[in-house]
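Colleague: A predicted structure for the sequence below; I have some questions about it.
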Amino acid sequence: MTGAAAKTRVLFVCLGNICRSPMAEGVFRDLVERAGLVDEFEIDSAGTGNWHIGDPPDQRAVRAAAARGIDISGQRARQVRASDFEAFDHLIAMDGANFETLARMAPGNRAGRISLALAHVPGKGRCDVPDPYYGGPEGFERALDLLDEAARGLLNQIARN
């Protein structure tokens with residue numbers, strides 16, 4: 001692997017890693033694949049909580065993603081690990097609460113790797129991707145729309161840098 005460029009490593013983070021972050025991982029992976037950049041990225045997702053470790057994504061998330069041609073059914077939930085702050089270049093939080101949890105967990109020199117998903121979308125600022133877990137299918141559609149915007153903004157930002 002001598003001479004090979006380092007991959008950009010991106011970790012998407014929500015609370016349980018069964019709705020928003022698996023969808024974000026799937027949307028970003030799909031975007032990267034369509035751009036022909038698969039070899040340049042390592043993409044994963046995790047949760048700040050431990051309730052769903054080993055579980056597949058919520059079936060509503062799987063269905064909503066599949067309707068857009070994105071397969072997230074093979075993903076399995078995991079919890080954020082201390083080593084993730086070293087392993088990943090970008091830790092993308094779905095909302096302010098998970099951003100704050102990550103910031104508290106981060107070693108002092110790694111907090112700059114954490115950002116909100118929608119901070120990568122011009123005009124969105126500190127907006128959260130709402131958690132669709134307790135709602136109906138429309139919440140998953142709305143989350144996917146926002147995650148698509150965030151994924152495009154993130155990829156553009158990475159490409160510029």
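Modeller: Ah, there it is.

Colleague: Who are the contact partners of residue 81?
Modeller: Residues in contact with residue 81 (C-beta atoms under 8 Å, 6 or more residues apart in numbering) are residue 46. No exception for glycine: its C-beta is placed from N, CA and C like everyone else's.

Colleague: Surely it is in a helix?
Modeller: No. Counting by DSSP: H, G, I helix; E, B strand; the rest coil, residue 81 falls outside a helix, being coil.

Colleague: Can you pull out the low-pLDDT segments for this structure?
Modeller: Within the chain, the segments meeting pLDDT under 70 span 1-5.

Colleague: for it, longest helix please?
Modeller: Identified as the longest helix of the chain according to DSSP state H is helix 137-160.

Colleague: got the buried residues for it?
Modeller: By neighbour count with 16 or more other C-beta atoms under 10 Å, helix 137-160 contains the buried residues 139-140, 143-144, 146-151, 153-155, 158.

Colleague: cool, stretch 6-24 as well?
Modeller: Within stretch 6-24, the residues scored as buried using 16+ other C-beta under 10 Å are 8-24.

Colleague: Now do the helices in the protein.
Modeller: Counting by DSSP H, the helices of the chain are 20-34, 59-66, 84-87, 96-105, 137-160.

Colleague: Nearest to residue 128, out of these?
Modeller: Nearest to residue 128 among the helices of the chain is helix 96-105 (5.9 Å), distances taken as C-beta to C-beta.
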